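In: Sharing a sequence plus its predicted fold:
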Amino acid sequence: MQSPEYIPFIFLYENNRSTSKQEISKRLRQSLSETLTIFYPIAGTVVQNSHVDCDDTGAEFVEARVHAPLSHFTQNPNFEELVKQLFPTADGTETRNLSVKISFFECGGFAVGLFLSHKLVDGSSAAAFVRAWGKTCCGEASGIIHRSRGQTHLRLASLLFF
């Protein structure tokens, strides 16, 4: 098993389509569930730092409201404030393999913050997971993951969810 550190991701989105918070949350939750059927060890529990028990208890999905507009975070980014408000568990003591926090802003925009356990994924597989989740959320086939040696797809982050 690898180190107990987490790989963080944060994605910020304007809501140009006026999609309801409930619909956004539903799509993200359902597509995450579908994606985890492909990346099933992420939804499991690491046992004694030696193996994964695929018991569906290793993923967490939470929602929050932010009493500020999205522009508060994009115009003058403050890393500590981003971590405190938009990431799932900022203290790093969480034992889950995946923690996701969807934060809805006053303006209708939203953030997707997540931590993936580095015990289970490296940078390339983390990028593949995020890409597959995004494709699933957008209605594309998630079961087909094409990957070339050394290829990651973080350049598509702006297209991921909506």
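Out: Thanks, I have it. A quick note: this is a predicted structure, and the numbers were derived from the prediction, not measured.
In: contacts and neighbour counts: CA atoms only from here.
Out: OK.
In: E34: neighbouring residues, count only.
Out: The number of residues packed near E34 is 18, by other CA atoms under 10 Å.
In: does it count as helix, strand or coil?
Out: When the structure is split into helix, strand and coil by DSSP: H, G, I helix; E, B strand; the rest coil, E34 lands in helix.
In: Please name the nearest non-neighbouring residue to it.
Out: For E34, ignoring the flanking residues on the chain, the nearest one in space by CA to CA, 6 or more residues apart in numbering is T136 at 7.5 Å.
In: so C107 touches L70, yeah?
Out: Yes - at 6.7 Å, C107 and L70 qualify as touching, with contact defined as CA atoms under 8 Å.
In: more neighbours, those two?
Out: For the pair C107 and L70, the greater number of neighbours falls to L70 (22 against 14), based on other CA under 10 Å.
In: how near is I24 to D56?
Out: Computed with CA to CA, to the nearest Å, the distance linking I24 and D56 is 23 Å.
In: do the same with P77
Out: When P77 is compared with D56 (using CA to CA), they lie 35 Å apart.
In: between the two, who's got more neighbours?
Out: It is D56, of P77 and D56, that has more neighbours when counted by other CA under 10 Å, with 16 against 11.
In: what residue of this protein is the furthest out?
Out: No residue in the chain sits farther from the centre than Q48, which is 25.0 Å out by CA atoms, centre = their mean.
In: circling back to that earlier point, and what about the residue nearest to E34, helix, strand or coil?
Out: Assigned state for T136: helix (three-state reduction, three-state DSSP).
In: Number of residues surrounding it?
Out: 23.
In: Need the per-residue pLDDT for it.
Out: Confidence per residue is given as pLDDT, and for T136 that number is 92.
In: what's the answer for E34, then?
Out: Among the per-residue scores, E34 holds a pLDDT of 93.
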